[in-house]
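Trainee: return atomic coordinates for the entry below.
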Amino acid sequence: MTEKTHQEELEDLIAENDTGTRDPSGLARKVILGVALLWPLYQLYMASPLPFTTGIGLIDDSQQRAIHLAFALFLGFLTFPAFLNSPRSRIPTLDWILAIVAAGCSLYILIFYRDVVNNAGGVRTPVETAVSIIGILLVLEITRRVLGISLVIVSAVFTAYVFIGPMLPDLMSHRGFSLNRYVDHMWLTTEGVFGLPLGVSNSFIFLFVLFGSLLDKGGAGNFFIKLSFSMLGHLRGGPAKAAVVSSGLTGLISGSAIANVVTTGTFTIPLMKRIGFTGEKAAAIEVSSSINGQIMPPVMGAAAFLMTEFVGITYFEVVVHAFVPAIVSYIGLFYIVHLEAVKANMPVLAKVQESTLLQALGRFLFGFGAVALVAGIVYAMATGLGVVAGPLATPIAGVLMIALYIWLLKIAAGYPELEIDDPNAPLIEIPKLKPTLMAGLHFALPIGVLIWCLMIQRLSPGLAVSWAIVVMVAIMLTQKPILTYFRKTKSSGFAPEFKEGLADLINGFIAGSRNMVGIAVAMGAAGIIVGAVSLTGLGLLMTEIINAVSGGNIMIMLLFTAIMCVVLGMGLPTTANYIVVASVMAQPLVTLAAQNGLVIPLFAVHLFVFYFGLMSGTTPPVAVDSFAGAAVARSDPMKTSVQAFYYSLRTAILPFIFVFNPELLLIGVESYWSAALVIISSTIAMCVFGAATQGYFMTKNWKIESALLVVIALSLLRPGFWLDRIQPPFEAVPPSSIYTVAETAAKDAQIQMFMTGENFSGDVVERRVAIPLGEVGSPGADRLLEATGMTMRIEGDDVFVDNVDFNSPAQKWGIDFDWQILELSEPKKRMAKEWFYIPAYGALILLILFQLARRRNAQGEPANV
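Mentor: Okay, here's the model as predicted:
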């Protein structure tokens, strides 16, 4: 097999999973390109203020969702063949018909919007019923083509559950629903296909996918890869370390782990194999890095925008809370790669091994420092102008931004253009840092604008990325002409370079649309699952199922939830994966934890299910991300999958830790010093855990040393575990003091109640409930009512529930009128859990000294770590 053939196979792999493998000619090709170009123009127009200022296209969100899905369905049927042997060079007549009918079913809501809305919840007409059934079936069919059979099966199971509920055992049964109720809920309202997931896809995700495509077509993707290699390529195992960093940078702008694997892996995997990594390990490193890119803010594979809606917090809070575990996980993988290279005594890739670890670290910090400097200049300009210029700040900032851009391009013109290297060339030279950095530093501008608008100005994600897209469009149209002017390489004018930039822009728009088809289709199909959950009340039933399986044990509950997330997420892309697992598993876990004495922040639970949903990408037998990496490396798919899962174990422990220790998510951290201590300790802990799983630290571990490293890592990640063993967190008080306890408890303090009463079935049950009290300053009765929705009735020493508000936390916990408090516990004053860092760090230092002494006395050990 020639390399060209292999490269074509990799391009087909991306096409099968992201853009579609069909590439017709003639009129069909023009139609596809035209619609793919029209879609982003429509989305940008709707995201701008123009509909409000002109009155043209001023439609509500549900109508926008219908148009959004219509674009995806039409392009999907034209670009994704029905079967492996279906024609690729032409579009069969049946697919034309299906594309038009599918788009028509979606647009029915737009065209007959008034009739659809006015008849909501009533008896639907035969036409509405037929349109709905055909539309749902075509959504499932295009889902099968684009994403495979997994999501179709899951959607079909949930659909069947809607109708067969009365025939199921009591634990899972419900009253059942008619076909009319089903089509009304799933297609003709915003509860099913056109629900929240598709709304987020329309409002935010499309624009971020488009931004990523424009960055890639504009040259930023190649810049990220080369910058990573220039900073890290001289280290031992440099290509693998560069793969980790470049995949992280690419993951910032990519919504697809598979595309990340194939795009960066095409370059990094052959280099990793060349320096001594096996094909399985090289592919597994790339897969683990690419999956980690999906947990990296600010995009998080587009799940960040879904979390804002599901959890009900701001996008800024999502980014802040998700940042630390993502960085910690990446550093842990980087350290694992380092240990693999040291264990195998791998050679440095460059011809002249002139770089020490300190020099390479300095080069790494210099690279990111320069990018940070540009971002800092943008920040200073915007902040200063906001104070000085007032209403004129925006136009002045625009002028200064243009001046900064031109200055950066003038600097870039003094260095060679960044060419795309051939990873299979006889010799690869590590690119020099300064020329690489300076040649692409202007790509920091659109990313800086995006982060500035999101994190500083706190604009909505859609508006923020729209400004970033405007900056990126300007760069794509002008960078080549301006660079040509500064380099004085052509005298025939700037028209050819401008045309090249325009072509890149159009290709970026088209690539963004084709990349978006799979995501939008996944959102529609996932909406069926979300709709089934909301229609049947499956969330409450899952609470009972998980409780029955776990017996009230928190760890078993978390393990069962993690396994269910991996199973539900198999074969699904990032966003669909998160929607499925979050809609089914998140709220039951929060409710059950509170019923069993543990308050888990809702965001921590959503991040928990998100992390384990992503783990399905490395979990046999349906490890789609690992199989993509194996295709690039030409390695055994199952061995690659197992190795990637092994590397990802460090990511798997993080969700369990931040469930019990939310400070890892910077939740409840009271000072910058506390935040720094948590971040540093968590980072060290993750590296220590990686050393334990690799069986190598300063030297090869003894088994007892690996066990000790695991204990040290978990102690640094959750020091409160040891404190709870020595000083229990709660002490019992009389139940009749409930209002006094609630009034005097500190801010965000938790109290526990052990209660008994009849459940909805009439059975007498017992339940331990953890209650977070929130702000101080209110009377105890008011504070308790606000936190739980319960009012109490005190009869001597006995305390009973007198009322439970509708849809309150107490109602979700299953508490009802006349339940009795058997035991009441309030927080106990204890020593600070941070004291337990001291023995953990002490044990780590002693182990390091012991292993260093043992390494010095050993023969044949690598001297350079």
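
Trainee: run through the helices of the stretch 301-450 of the chain in chain order.
Mentor: Using DSSP state H, counting those that start in this stretch, the helices of the stretch 301-450 of the chain run over residues 303-311, 315-343, 357-388, 393-413, 433-440, 444-451.

Trainee: just the mean pLDDT for the third one, thanks.
Mentor: On average, the pLDDT along helix 357-388 is 60.

Trainee: strands of the stretch 751-865 of the chain, start to end?
Mentor: Using DSSP state E, counting those that start in this stretch, the strands found in the stretch 751-865 of the chain span residues 764-772, 790-795, 798-804, 820-827.

Trainee: check the stretch 401-550 of the chain too.
Mentor: Assigned by DSSP E, counting those that start in this stretch, the stretch 401-550 of the chain shows no strands.

Trainee: was I right to think N596 contacts R768?
Mentor: Yes - if you go by Cβ atoms under 8 Å, N596 and R768 touch, sitting 5.8 Å apart. All C-beta spots, glycine's among them, are computed from the backbone N, C-alpha and C.

Trainee: could you pull up the mean pLDDT of the longest helix along the chain?
Mentor: Of all the segments of type helix in the chain, defined by DSSP state H, the longest one is helix 495-536. Across helix 495-536, the average pLDDT comes to 87.

Trainee: please work out the angle formed by the directions of it and helix 303-311.
Mentor: Using axes from the mean of the first three to the mean of the last three Cα atoms, to 10 degrees, the direction of helix 495-536 lies 30 degrees away from that of helix 303-311.

Trainee: looking at the helices of the stretch 301-450 of the chain, which has the lowest confidence?
Mentor: Among the helices of the stretch 301-450 of the chain, helix 357-388 scores lowest, at a mean of 60.

Trainee: now do the same contact list for the nearest residue in space to R793 that is not next to it in sequence.
Mentor: Nearest in space to R793, with sequence neighbours left out and distances taken as Cβ to Cβ, 6 or more residues apart in numbering, is D802 at 3.9 Å. The contact partners of D802, by Cβ atoms under 8 Å, 6 or more residues apart in numbering, come to M790, T791, M792, R793, F817.

Trainee: now flag whichever of those residues is closest to S674.
Mentor: M790 (32.7 Å; Cβ to Cβ).

Trainee: can I get the helix or strand V152 falls within in PDB, CA atoms only?
Mentor: If you go by DSSP states H and E, V152 is part of helix 149-164. The C-alpha trace of helix 149-164 is given here as PDB (Å, rounded to 0.1, in the frame of the first residue of the first chain):
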ATOM      1  CA  ILE A 149     -26.300   2.800  14.400                       C
ATOM      2  CA  SER A 150     -25.500   3.500  18.100                       C
ATOM      3  CA  LEU A 151     -27.500   6.700  18.600                       C
ATOM      4  CA  VAL A 152     -30.300   5.300  16.400                       C
ATOM      5  CA  ILE A 153     -30.700   2.200  18.700                       C
ATOM      6  CA  VAL A 154     -30.600   4.400  21.800                       C
ATOM      7  CA  SER A 155     -33.300   6.700  20.300                       C
ATOM      8  CA  ALA A 156     -35.400   3.800  19.200                       C
ATOM      9  CA  VAL A 157     -35.200   2.200  22.700                       C
ATOM     10  CA  PHE A 158     -36.400   5.500  24.300                       C
ATOM     11  CA  THR A 159     -39.200   5.800  21.800                       C
ATOM     12  CA  ALA A 160     -40.300   2.300  22.400                       C
ATOM     13  CA  TYR A 161     -40.300   3.000  26.100                       C
ATOM     14  CA  VAL A 162     -42.800   5.800  25.600                       C
ATOM     15  CA  PHE A 163     -45.400   3.400  24.200                       C
ATOM     16  CA  ILE A 164     -44.700   0.200  26.200                       C
END
